[in-house]
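A.B. asks: model this:
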Amino acid sequence: MQLLFRKNIDRYCAYCQFAGRIDEAHMICQHCGVVPCEHHCRRFRYDPLKRVPGRAKPKEFQKFKTQDFSL
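C.D. replies: Numbering: from 1, shown residues only. Now for the predicted structure:
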């Protein structure tokens, strides 16, 4: 299992390759059946495509002057 983003990722069913989302709070696992998204088991396999990255911080353009953007 290669973790792409950080080494200590939470081992929740929301990130597992064996689980599929039913609704916002529940997943269906190939091994455990219907479980909450926070559930974890020993058969966890990380799926990087299920990870939803956080939003980027908005840029603060107030600290720049118009001269900074001119040639």
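
A.B. asks: CA only for contacts and neighbour counts going forward, please
C.D. replies: Noted.

A.B. asks: in this protein, what spans have low per-residue confidence?
C.D. replies: 1-7 (pLDDT under 70).

A.B. asks: Please enumerate the strands of it.
C.D. replies: 19-21, 26-29, 33-36 (DSSP state E).

A.B. asks: Which one, of those strands, ends up nearest to C13?
C.D. replies: Nearest to C13, of all the strands of the chain, is strand 19-21, at 6.0 Å by CA to CA.

A.B. asks: Pairing partners for that closest one, with directions?
C.D. replies: Within its sheet, strand 19-21 is paired with strand 26-29 (antiparallel), according to DSSP bridges.

A.B. asks: Quick one: residues contacting I28.
C.D. replies: 19-22, 34-35 (CA atoms under 8 Å, 6 or more residues apart in numbering).

A.B. asks: gap between the residue nearest to the spatial centre of the chain and E60?
C.D. replies: Nearest to the mean C-alpha position of the chain, by CA atoms, centre = their mean, lies R51 at 2.7 Å. Distance, R51 to E60, using CA to CA, to the nearest Å: 27 Å.

A.B. asks: about what we covered before: can you redo the strands of the chain as a markdown table, where the extra columns are distance to R43?
C.D. replies: Putting the strands of the chain into a markdown table (distance: least, CA to CA, whole Å) gives the following:
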| stretch | distance to R43 |
| --- | --- |
| strand 19-21 | 11 |
| strand 26-29 | 10 |
| strand 33-36 | 13 |
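
A.B. asks: Which of these sits closest to S70?
C.D. replies: Relative to S70, the nearest member of those by CA to CA is strand 19-21, separated by 49.1 Å.

A.B. asks: Nothing else from me, thank you.
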